[in-house]
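In: Predicted coordinates and the sequence they were generated for:
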There are 2 protein chains.
Amino acid sequence: MSISVDTFFLNPQFQGTLQSQIQQMIAEGILSGRFRQGEKLPSTRKLASHLGVSRITVTLAYTELLANDYLSSRGRSGYFVSENAPEPPPFEALRQNGDSVDWNRAIGRRYTGGDTPRKPVDWARYRYPFIYGQTDSSLFDHANWRLCAIQALGQKDFAALTTDYCDLEDERLVEFIVRHTLPRRGIVARPEEVLITVGAQNALWLTAQVLLTQRRTAAIEDPCYHALRDILTQSRCHLVPLPVDRDGLPPHAIPSETDVIFTTPSHQCPTAATMPMSRREQLLDRARELDALIVEDDYEFEMSFLNPPSPALKSLDRDGRVIYVGSFSKSIFPGLRLGYLVGAESFIREARALRASVLRHPPGHTMRTAAYFLSLGHYDASIRRLRIALKERREAMQNAIQANGLTIAGQGAHGGSSFWMRAPNGVDTEVLAEQLKPKGVLIEPGRPFFFGHDRPKEFYRLAYSSIPKDRISQGIQLIAETMSD
Amino acid sequence: MSISVDTFFLNPQFQGTLQSQIQQMIAEGILSGRFRQGEKLPSTRKLASHLGVSRITVTLAYTELLANDYLSSRGRSGYFVSENAPEPPPFEALRQNGDSVDWNRAIGRRYTGGDTPRKPVDWARYRYPFIYGQTDSSLFDHANWRLCAIQALGQKDFAALTTDYCDLEDERLVEFIVRHTLPRRGIVARPEEVLITVGAQNALWLTAQVLLTQRRTAAIEDPCYHALRDILTQSRCHLVPLPVDRDGLPPHAIPSETDVIFTTPSHQCPTAATMPMSRREQLLDRARELDALIVEDDYEFEMSFLNPPSPALKSLDRDGRVIYVGSFSKSIFPGLRLGYLVGAESFIREARALRASVLRHPPGHTMRTAAYFLSLGHYDASIRRLRIALKERREAMQNAIQANGLTIAGQGAHGGSSFWMRAPNGVDTEVLAEQLKPKGVLIEPGRPFFFGHDRPKEFYRLAYSSIPKDRISQGIQLIAETMSD
């Protein structure tokens, strides 16, 4: 690799000769680790012309650096950072810029302090990854995704790739969602009622910003998706956590001051409970009674493989009070960052203006690739494969859990991709998770899903979306053994 | 295209026979435009098994629809939506869902009402598009971008593509920015001081959310980038617009209560002024005096083709009080949605937590593709080509502007991609822009860049980043003719 001539600037305030300034720039580059051993310097001619100095000045600087063994020369092929050049110390040592800002004062608002756990980046190295929401390379149709992505890179789609959509988005993707994706959920919507977002999390966040203020009350499931809890906490609304039961959110428990209800009816996160039809109707009735809105996070709609899925809450909504959040993270892959919102036009208009301000629009290539993947039928085929594999894995999970005497605290009636588990009283699943890691087992401790100070420690989630079927039994056995140690 | 069996649901509350319910579902699908002429229905066997009803029920429903000419049958190949089926009316007509929500009350916070103009989606159809910030297909290295994108779709990068990075990002992209991109601007930074964002606008937005509250004061250039003004207006901080002169933001005008200064030193947006080195030092001194922070939006750093670029304000920052916003929108393409923030670690930490909450991370494929494009040297080559073309176009612009007696109000000392123009007093450039459209000319009226109620109407921007050189003279002539009509 060559060092670009563009990294060199003369500083008019520099105290010293031009030659020493050039020498110092190069040495600092090496010492700070910006220029690495073996990298080629610009030729003396090039650097001289770039800086507007005479070539002899640069040659003298290089010669001095040669003598000090910062540089080596290889005859006609030029100057290189010497193999004997000083090793760069950690960056900190050489930074000229101090930090005299009082950041405690300068930061107007803090966003750290949430409790959304980071997923282990190296999860794929574990033999028994019972973790949620990462992509199983054996199930995802990578080949066809790649073909769609290549198609979306073609000359014909140059505008779709490069254009500044401002506050708009790829019409073709919206059209497919309206014509194809939503009807499967029983939802009829016009394009004006749909907004494409940078993942479902972005959809939830936008919704919270539009609907909630410090004077509004949101009802939320407890336990719930930790990132949603962090979003709502940041919105500073009044937050009412409602303990879920085996059918999900209990409508009668929703307090009368509630403005917005956040719920996950198809598969409650994290307990995996499916809300029965009768309760869906009760929930809608309760919302109507309170004139409250409902935000339906349907993040796992496609994972219904045991029974036909229930229609979405949104499809039963006769008042326009349900805002629907859809995701492609589980069904395509999370790194895609593509989701969508469906709701009343006046709501979508505000969410659209906010999205435009925050990030303009999701990347054009991402949207067009997804549009092709959907419209060519690969999405449906992918989902069918996924369902078959998840069904087999779920059976393996159930058998292994039973054989090892572990306790299921919640499971979806229609499928899903995880079991909500309860360890014996006294077991701290955060400790358990750490004990399991050296054995190659990843589990998700349940505490971060709960609200409040005294959060239960005995729950944990076992997902089967990323673990091969034939490792399930061994993995569950390791969990059981470690728990009883 | 076939209609998927999954779009059909039975509604337990339906008043009527199963057969009539099935009939109605299909008819509604056709009438609402969800099922289109020529599309194939699921086989009677398949639909019956999906709904859990007898096959004869479905057959009877289909036969009834045949008789009504909703469907046609083609012997053994099944049932199709008939060519004579009723044409779908606009969606509005058939929507069952009313909207009984009082959205005026339900919306907690409004984000519409900003004044960022939408760019014309069909700009490429105009012969003389003097518009800013769209990609010129003749200059962008589409072939190599495509190769990098394809590489990033490979098996080796499966994790980089699909993974949920949570609050993190692609390390390779960060490494290249730190090692390669920032040194060109004279900036030394550690990876912990960099955050990848969904475009530079996202970087500005995150910065505003972290630094500003209702109790803080932001100083901002007037005129300025309209989207930034909308972002700051939404933040509800106290906003002080400072008229710029030919050298950009005047440091002495910054009021003493200022907490954060937003500036565009390399090319002031929209006047294209380049801030001289001496003023950069004065600006830093003024900020130090006030203990204020500076947000440097360096959206057009690469567009310096007349003189070597000045080092960024951030590179002169000895206190850590400059937050640097970088963009790949101008140098790669705006639909990419990739930018970055450089700042003190404690600031980046908060911005990172907020980004995670708002959207988790930019799409993996986008980040990895950019990392390849940068590291394989295509980016630099691309920029060189861009600079040569822009330099030629700028000359053509200058000649044509002079020949036609138009008035330049601002232009970059180092390059840029636009001229800031002033029409004779009394000319309303928003009217002018409309008059020019039928003649194939697109210009940008200047009013939306200004603050306040009585915003000047005679300014306009002429960009040359998307117009071929040989059309410039004719385009400018049309502007001059129309103006004097």
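Out: Nice, thanks for sending it over.

In: what stretches of the stretch 351-485 of chain A score poorly on pLDDT?
Out: Scanning the stretch 351-485 of chain A for pLDDT under 70 picks out nothing.

In: Next: chain A.
Out: Within chain A, the stretches with pLDDT under 70 are A:13-15, A:87-98, A:308.

In: can I see the domain layout of it?
Out: Per automatic domain parsing, the structural domains of chain A span A:5-94, A:123-135+A:382-484, A:142-379.

In: mind putting these in CSV, distance to B:G320 and mean neighbour count included?
Out: C-beta coordinates here come from the backbone N, C-alpha and C atoms, glycine included. Below are those laid out as CSV (distance: least, Cβ to Cβ, whole Å; neighbours: other Cβ atoms under 10 Å in any protein chain shown):
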stretch, distance to B:G320, mean neighbour count
domain A:5-94, 13, 16
domain A:123-135+A:382-484, 33, 18
domain A:142-379, 26, 22
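
In: Can you say which of the ones you listed is nearest to B:G452?
Out: domain A:142-379 (20.1 Å; Cβ to Cβ).

In: Run the chain-centre distance for the closest one.
Out: Mean C-alpha position of domain A:142-379 versus that of the full chain (Cα atoms, centre = their mean, to the nearest Å) differs by 15 Å.

In: start to end distance for that domain?
Out: 11 Å (Cα to Cα, to the nearest Å).

In: Could you do stretch A:208-227 as well?
Out: End residues of stretch A:208-227 are separated by 12 Å (Cα to Cα).

In: that older thread, among the domains of chain A, which is nearest B:D285?
Out: domain A:5-94 (12.8 Å).

In: Find the residue closest to A:A396 in space, skipping its chain neighbours.
Out: Spatial nearest neighbour of A:A396, chain neighbours left out: A:I472 (4.3 Å); criterion: Cβ to Cβ, 6 or more residues apart in numbering or on different chains.

In: mind saving the C-alpha coords of the helix or strand where the one you found lies as CSV?
Out: Per DSSP states H and E, A:I472 falls inside helix A:469-484. The C-alpha trace of helix A:469-484 is given here as CSV (Å, rounded to 0.1, in the frame of the first residue of the first chain):
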residue,chain,number,x,y,z
LYS,A,469,-30.9,-29.6,15.0
ASP,A,470,-28.3,-32.3,15.8
ARG,A,471,-26.6,-30.2,18.4
ILE,A,472,-29.7,-29.3,20.3
SER,A,473,-29.9,-32.4,22.5
GLN,A,474,-26.2,-32.1,23.6
GLY,A,475,-26.6,-28.4,24.2
ILE,A,476,-29.6,-28.7,26.4
GLN,A,477,-27.9,-31.5,28.3
LEU,A,478,-25.0,-29.2,29.1
ILE,A,479,-27.4,-26.5,30.3
ALA,A,480,-29.1,-29.0,32.6
GLU,A,481,-25.8,-30.4,34.0
THR,A,482,-24.4,-27.0,34.6
MET,A,483,-27.5,-25.8,36.3
SER,A,484,-27.5,-28.7,38.8
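
In: which residues are contacting that helix?
Out: Under the criterion Cβ atoms under 8 Å, 6 or more residues apart in numbering or on different chains, residues A:127-128, A:130, A:389, A:392-393, A:396-397, A:399-401, A:403-406, A:423-424, A:427, A:432, A:435-436, A:439-441, A:443, A:462, A:464, A:467 lie in contact with helix A:469-484.

In: How much space separates the residue nearest to A:A396 from chain B?
Out: According to Cβ to the nearest Cβ, to the nearest Å, A:I472 and chain B sit 22 Å apart.

In: Could you do A:L147 as well?
Out: Following Cβ to the nearest Cβ, the distance that separates A:L147 from chain B is 9 Å.

In: How about A:A413?
Out: Taking Cβ to the nearest Cβ, one finds A:A413 at 15 Å from chain B.

In: That residue: what's it in contact with?
Out: A:273-274, A:276, A:306-307 are the contacts of A:A413 under Cβ under 8 Å, 6+ apart.

In: same thing with A:P265?
Out: By Cβ under 8 Å, 6+ apart, the residues touching A:P265 are A:248-249, A:274-275, A:280, A:283, A:296, A:298, A:310, A:312-313.

In: With A:E350 instead?
Out: A:E350 touches A:210, B:107, B:109-112, counting by Cβ under 8 Å, 6+ apart.

In: Of those, keep whichever come out buried.
Out: By neighbour count, with 16 or more other Cβ atoms under 10 Å in any protein chain shown, the contacts of A:E350 hold A:210, B:107, B:111 as buried.

In: Show me which of these is closest to B:K119.
Out: B:K119 has its nearest neighbour among these in B:Y111, at 19.2 Å by Cβ to Cβ.

In: Tell me the secondary structure at that closest one.
Out: coil (DSSP: H, G, I helix; E, B strand; the rest coil).

In: My read is that it contacts A:F347, right?
Out: No - look at B:Y111 against A:F347 with Cβ atoms under 8 Å: they stay out of range, at 11.3 Å.

In: Common neighbours of the two, please.
Out: When contacts are counted by Cβ under 8 Å, 6+ apart, B:Y111 and A:F347 are jointly contacted by A:V210.

In: on that earlier part again, format the domains of chain A as CSV; extra columns: distance to B:Q24.
Out: Output for these, formatted as CSV (distance: least, Cβ to Cβ, whole Å):
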stretch, distance to B:Q24
domain A:5-94, 68
domain A:123-135+A:382-484, 25
domain A:142-379, 14
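
In: Would you enumerate the residues in contact with whichever residue of the stretch 351-485 of chain A sits closest to chain B?
Out: For the stretch 351-485 of chain A, the residue closest to chain B is A:G364, as judged by Cβ to the nearest Cβ, at 3.5 Å. Counting by Cβ under 8 Å, 6+ apart, A:G364 makes contact with A:160-163, A:165, A:170, B:335-337.
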